[in-house]
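**Student:** From the sequence below, what's the structure:
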Amino acid sequence: MSRKVIVWTLLSLPGVVLILQFATDATTYGQSIHWSGQLSVGLLILTMSLTPLRCVISGAWFAQVMAHRRAIGVASFGYAAIHTGLYVEHKWGANLIIKEGLDPDLASGWIAFLVLLLLAATSNSQSVRWLGQRWQKVHRLVYLAAFLTFAHWGLASFDAGIAIACAGLLVAIELLRLRRLGAH
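**Tutor:** Numbering: from 1, shown residues only. Next up, the predicted model:
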């Protein structure tokens, strides 16, 4: 079995479990929406953290993780899609979804989802070739997606503390990029 298959299997398993549990009423809507959001954010943080962490972590195992960064990012989008799908299925009705979608807590989530959709759709070798140097500029939108994701999480949750702590962790890790740039 190839490493790619193993990585995609590992990234997909929590989603399969989540969907099966929701479909069989083993978990509630609230639990499922929370778990899918947490998985999406966790994988987004991991994806964004890998490059800055290269400054302080080395070794063949880390190079293997770096080789699957795109897959991790696409999986983050996949869990955001599950999160969004659960919301749409639960609300069911364009009028209600649009009305709620105009509120800042959900508007930030919808915009983050659309940015992540763009990033996932262009996270393939063909898009890298087609976009050329513009690919990197497009994928810098991940910072906007992360900001909007944390805004959505903080505004939509009952307790924004964990969202703030996770955002702070990501900012701290991203500051390693400055260290790397300063070394050059």
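
**Student:** Show me which helix runs longest in this protein.
**Tutor:** helix 29-53 (DSSP state H).

**Student:** Run through who's touching it.
**Tutor:** 11, 14-15, 18, 21-22, 27, 62, 65-66, 69, 72-73, 75-80, 82-83, 86-87, 90, 116, 142, 145-146, 149-150, 153, 166, 169-170, 173-177, 180 (CB atoms under 8 Å, 6 or more residues apart in numbering). To be clear about C-beta, it is placed using only N, CA and C from the backbone, and glycine gets the same treatment.

**Student:** Read off the pLDDT value for His184.
**Tutor:** pLDDT for His184: 53.

**Student:** Could you do Gly93 as well?
**Tutor:** Gly93 is assigned a pLDDT of 82 by the prediction.

**Student:** cool, and Leu176?
**Tutor:** 84.

**Student:** can you map out the helices along the chain?
**Tutor:** 3-23, 29-53, 60-67, 69-91, 94-101, 104-121, 125-131, 134-139, 142-156, 161-183.

**Student:** got JSON lines for these, with mean neighbour count too?
**Tutor:** Formatted as JSON lines, the helices of the chain follow (neighbours: other CB atoms under 10 Å):
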{"stretch": "helix 3-23", "mean neighbour count": "14"}
{"stretch": "helix 29-53", "mean neighbour count": "19"}
{"stretch": "helix 60-67", "mean neighbour count": "12"}
{"stretch": "helix 69-91", "mean neighbour count": "19"}
{"stretch": "helix 94-101", "mean neighbour count": "12"}
{"stretch": "helix 104-121", "mean neighbour count": "18"}
{"stretch": "helix 125-131", "mean neighbour count": "11"}
{"stretch": "helix 134-139", "mean neighbour count": "13"}
{"stretch": "helix 142-156", "mean neighbour count": "20"}
{"stretch": "helix 161-183", "mean neighbour count": "13"}
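
**Student:** Of these, which shows the lowest average pLDDT?
**Tutor:** For the helices of the chain, mean pLDDT drops lowest on helix 161-183, to a mean of 85.

**Student:** CA-only coordinates of that one, as PDB, when you get a sec.
**Tutor:** Written as PDB, here are the backbone C-alpha positions of helix 161-183 (Å, rounded to 0.1, in the frame of the first residue of the first chain):
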ATOM      1  CA  GLY A 161     -11.500  30.900  24.800                       C
ATOM      2  CA  ILE A 162     -10.400  27.800  22.900                       C
ATOM      3  CA  ALA A 163     -10.700  29.600  19.500                       C
ATOM      4  CA  ILE A 164      -8.500  32.500  20.800                       C
ATOM      5  CA  ALA A 165      -6.000  30.100  22.300                       C
ATOM      6  CA  CYS A 166      -5.700  28.100  19.100                       C
ATOM      7  CA  ALA A 167      -5.400  31.300  17.000                       C
ATOM      8  CA  GLY A 168      -2.700  32.500  19.400                       C
ATOM      9  CA  LEU A 169      -0.800  29.200  19.000                       C
ATOM     10  CA  LEU A 170      -1.000  29.500  15.200                       C
ATOM     11  CA  VAL A 171       0.300  33.100  15.300                       C
ATOM     12  CA  ALA A 172       3.200  32.000  17.600                       C
ATOM     13  CA  ILE A 173       4.100  29.200  15.200                       C
ATOM     14  CA  GLU A 174       3.800  31.600  12.200                       C
ATOM     15  CA  LEU A 175       6.200  34.000  13.900                       C
ATOM     16  CA  LEU A 176       8.900  31.300  13.300                       C
ATOM     17  CA  ARG A 177       8.600  32.400   9.600                       C
ATOM     18  CA  LEU A 178      10.000  35.700  10.600                       C
ATOM     19  CA  ARG A 179      12.900  34.000  12.300                       C
ATOM     20  CA  ARG A 180      13.600  32.100   9.200                       C
ATOM     21  CA  LEU A 181      13.400  35.200   7.000                       C
ATOM     22  CA  GLY A 182      15.700  37.000   9.400                       C
ATOM     23  CA  ALA A 183      18.300  34.300   9.100                       C
END
